[in-house]
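K.L.:
The sequence isn't on hand, but the structure is:
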């Protein structure tokens, strides 16, 4: 059995435990409630369905959360499942603040809990039970109304935002047969694209494991961000990390404890010599692994690929969809 | 506010509720335990983290599950978070059967709960509490040991398997600046690839919504599978749907109730005339929307893109990763 990158007792190594939990991918929700005319909302990825009949869902709230008192005593809450293009909402509700809703486009659901616009799905719930969950409180809700919008969902994977693509093996199976039967060459291209992307990503994954660079994707990203423009504080770096303050701080602490990053008395962040060396090794390694995928492909062909993909991306931004 | 595709009371419309829950993306886990020398395991996507200190996680098991008695009384369980290439394991543990483990490569974790090889992460847990959760039982475990392998995770999204890709907006931010600073052109290509894929996918999403075809991705896939080779039974179609029997059956019932599919006395599945018409409309619509992305791009360039991407995919299968 392949050895893990890290193992440990979560009571001793809390950060390792946190990183391991982040290997389980989730969607992103904004949970909302309304009490005495005031609206509360927070970003959570602890949502899960429990039961179809009766219709129950649950999520948990950190006891230190500014909105804890409001949710712990709420009669109703709404679960808003965010879509791929709603990172801004996720960030907005992950921060502390007085009225996070501001001028957002909202409806009032059961018990006046705010329903956000543009989401993938939402659930209006009666809060049925709260349960002790260590440093969190677990809330079980009975769903009284659901709404499905069928949008592409926003994901949270390994501590960062992500998007989903149909699994290549499913496409090879069901999609593949449809490709042949309807003769649509265009279908094949998007299929190929996600397979080629997966090739690059899994080659980089193999590379990371065999070389023992031993950093998570987010740790490597922090090194890159710190190298690109040194002497910034964590506050200044945060928009590039797409993490909340707690997670950013523990990410920073993890690379400081590895001796890769130093923080001065003014909170300015800079790579150490060891950090610079590690980053060079990561970049060199990524290039060496990617180069295998490109070997034997003429530069002119690679240039064509780049040009065509760029055209597709820029077309998307402008043109409206066809409604027949 | 844009109107939802469907809304309802989950006590009345259980299938609509189930479809809405599937909009929240999750990873896929196999939960395992061992009692009296016998090993039990089942596929679940209800796992969620609860607390860091103390380290608590939870999941829920259907009361009708064949393994219910074993898990309801277990002293320990292990959570195995599946990696992208472990669909076969997910399928294996989603079915009923005597010893699902067979000759699988396993270690014994705390309390002899089986730990699977090749996973993204695993958690050895002491079962601390069970709670009523309607048609499910909620199990809360205290994690005594975690293992992180840092593999690409398998996802379950909208009722089907999926893979994740870094969010294009994150790459534009942190990745983009690194692209410029290290001058690595190769990085730009994988970035472009996921953006181009997202363009196609979100255009198709817009298309589905504006035209009101009103089917989920899985419903459309069932129509395609039934059209490709008619008169198969649900058992025969299931490998192409990548769903367990319960979910496949309700998927089938949903398209039967829409009048798109008919099932004869021998369980053979076939599109109705309305189903054939709907499938034609879906394919025509997908082509029309994709064509917008390709307009103005010479056929010879599209052919080059296809050839280059195919080369990358086939290279991946053979060549080993570089270990420096």
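P.N.:
Cool, got the structure. The shown structure was predicted, so the numbers you read here are calculated from the model rather than taken from an experiment.

K.L.:
Next secondary structure element downstream of the host helix or strand of residue A:77?
P.N.:
Assigned by DSSP states H and E, residue A:77 falls within strand A:76-81. Next along the chain after strand A:76-81, taking DSSP H and E as the criterion, comes helix A:87-94.

K.L.:
Report the angle between that following helix and strand A:76-81.
P.N.:
150 degrees (axes from the mean of the first three to the mean of the last three CA atoms, to 10 degrees).

K.L.:
Does anything pack onto helix A:87-94? Which helices or strands?
P.N.:
Contacting helix A:87-94 under the criterion 3 or more CB pairs under 8 Å, 6 or more residues apart in numbering or on different chains; DSSP states H and E are the following elements: strand A:29-35, strand A:38-44. All C-beta spots, glycine's among them, are computed from the backbone N, C-alpha and C.

K.L.:
Would you mind finding the most buried of these?
P.N.:
Neighbour counts (mean count of other CB atoms under 10 Å in any protein chain shown) averaged over each of these peak at strand A:29-35, with a mean of 25.

K.L.:
Any residue of that one touching chain B?
P.N.:
Yes - for strand A:29-35, a contact with chain B is found by CB under 8 Å from any CB of the partner chain, at residue A:29.

K.L.:
distance between that strand and the chain's centre?
P.N.:
20 Å (CA atoms, centre = their mean, to the nearest Å).

K.L.:
Quick one: residues in contact with the helix or strand where residue A:306 lies.
P.N.:
Per DSSP H and E: residue A:306 is located in helix A:299-318. Contacting residues not belonging to helix A:299-318 are listed as A:294, B:188-189, B:192-193, B:195-196, B:198-200, B:202-203, B:292-297, B:301-302, B:304-305, B:307-309 [CB atoms under 8 Å, 6 or more residues apart in numbering or on different chains].

K.L.:
Turn the buried ones among those into a named ChimeraX selection, would you?
P.N.:
Those of those that count as buried under 16 or more other CB atoms under 10 Å in any protein chain shown are selected in ChimeraX with:
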select /A:294 /B:188,189,192,193,195,196,198,199,200,202,203,292,293,294,297,301,302,304,305,308,309
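
K.L.:
Could you find the closest non-adjacent residue to residue A:105?
P.N.:
Nearest residue to residue A:105, sequence neighbours excluded (CB to CB, 6 or more residues apart in numbering or on different chains): residue A:117, at 4.1 Å.

K.L.:
nope, residue A:150 is what I meant
P.N.:
residue B:5 (5.0 Å).

K.L.:
Which residues are in contact with that neighbour?
P.N.:
Residues near residue B:5 by CB under 8 Å, 6+ apart: A:148-150, B:209, B:214.

K.L.:
could you measure it against residue B:118, distance?
P.N.:
37 Å (CB to CB, to the nearest Å).

K.L.:
before we move on, what about residue A:249?
P.N.:
In terms of CB to CB, residue A:249 sits 33 Å off from residue B:118.

K.L.:
now do residue A:291
P.N.:
Using CB to CB, one gets 27 Å for the distance from residue A:291 to residue B:118.

K.L.:
Please apply the same query to residue A:248.
P.N.:
31 Å.

K.L.:
between those two, which one's more packed in?
P.N.:
residue A:248 (20 against 16; other CB atoms under 10 Å in any protein chain shown).

K.L.:
thought the more buried one was touching residue A:225?
P.N.:
No - using CB atoms under 8 Å as the test, residue A:248 is too far from residue A:225 to be in contact (10.6 Å).

K.L.:
which residues touch residue A:149?
P.N.:
Counting by CB under 8 Å, 6+ apart, residue A:149 has contacts A:83, A:118-121, B:2, B:4-5, B:23.

K.L.:
Determine the number of other residues adjacent to residue A:230.
P.N.:
With other CB under 10 Å as criterion, residue A:230 counts 11.

K.L.:
So which of the contacts of residue B:5 is surrounded by the most neighbours?
P.N.:
residue A:148 (25 neighbours).

K.L.:
so which helix or strand takes in residue A:286?
P.N.:
Secondary structure (DSSP H and E) places residue A:286 in helix A:273-294.

K.L.:
Please work out the angle formed by the directions of that helix and helix B:299-318.
P.N.:
Using the same axes, to 10 degrees, helix A:273-294 lies at 110 degrees relative to helix B:299-318.

K.L.:
Which of the residues in helix A:273-294 are classified as buried?
P.N.:
A:275, A:278-279, A:282-283, A:285-287, A:289-290, A:292-294.

K.L.:
and what of stretch A:50-69?
P.N.:
In stretch A:50-69, the ones that count as buried by 16+ other CB under 10 Å are A:50-52, A:55-62, A:65, A:67-68.

K.L.:
next one: stretch A:111-120
P.N.:
Here stretch A:111-120 shows A:111, A:113-116, A:118-120 as buried, counting by 16+ other CB under 10 Å.

K.L.:
just to revisit the earlier point, ok, so of the contacts of residue B:5, who is nearest residue A:163?
P.N.:
Nearest to residue A:163 among these is residue A:150, at 15.5 Å by CB to CB.

K.L.:
Could you double-check that that closest one sits in contact with residue B:23?
P.N.:
Yes - counting by CB under 8 Å, residue A:150 does reach residue B:23; the two are 7.3 Å apart.

K.L.:
Pull up the overlap in contacts between the two.
P.N.:
By the contact definition CB under 8 Å, 6+ apart, residue A:150 and residue B:23 are jointly contacted by A:120, B:158.

K.L.:
Give me the neighbour count for the nearest residue to residue A:26 once chain neighbours are set aside.
P.N.:
Spatial nearest neighbour of residue A:26, excluding adjacent residues (CB to CB, 6+ apart): residue A:45 at 4.1 Å. By other CB under 10 Å, the residues close to residue A:45 number 23.

K.L.:
In this structure residue A:45 contacts residue A:31, no?
P.N.:
No - between residue A:45 and residue A:31 there is no contact under CB under 8 Å: 10.5 Å.

K.L.:
Report the residue spans of the stretch 1-150 of chain A with pLDDT below the cut-off.
P.N.:
A:1-2 (pLDDT under 70).

K.L.:
quick one: the helices in chain A?
P.N.:
Taking DSSP state H as the criterion, chain A carries its helices at A:14-21, A:68-72, A:87-94, A:168-170, A:176-182, A:185-211, A:217-228, A:234-241, A:245-257, A:273-294, A:299-318.

K.L.:
just flag whichever of the ones you listed has the lowest average confidence.
P.N.:
With a mean of 38, helix A:176-182 has the lowest mean pLDDT of the helices of chain A.

K.L.:
on that earlier part again, filter the buried residues of stretch A:111-120 down to the ones near chain B?
P.N.:
A:118, A:120.

K.L.:
measure residue A:30 to chain B for me?
P.N.:
Between residue A:30 and chain B the computed distance is 12 Å (CB to the nearest CB, to the nearest Å).

K.L.:
Pull the contacting residues for that residue.
P.N.:
A:41-44, A:80, A:82, A:89-90, A:93, A:116.

K.L.:
and of those residues, the nearest to residue A:163?
P.N.:
The shortest approach to residue A:163 among the contacts of residue A:30 belongs to residue A:82, at 11.8 Å (CB to CB).

K.L.:
Verify the contact between the closest one and residue A:26 for me.
P.N.:
No - in this structure, residue A:82 is not within contact of residue A:26 by CB under 8 Å, at 11.0 Å.

K.L.:
Tell me which of the two has more neighbours.
P.N.:
residue A:82 (30 against 26).

K.L.:
Do me a favour and get the backbone dihedrals for that one.
P.N.:
phi -80, psi 150 (degrees, to the nearest 10).
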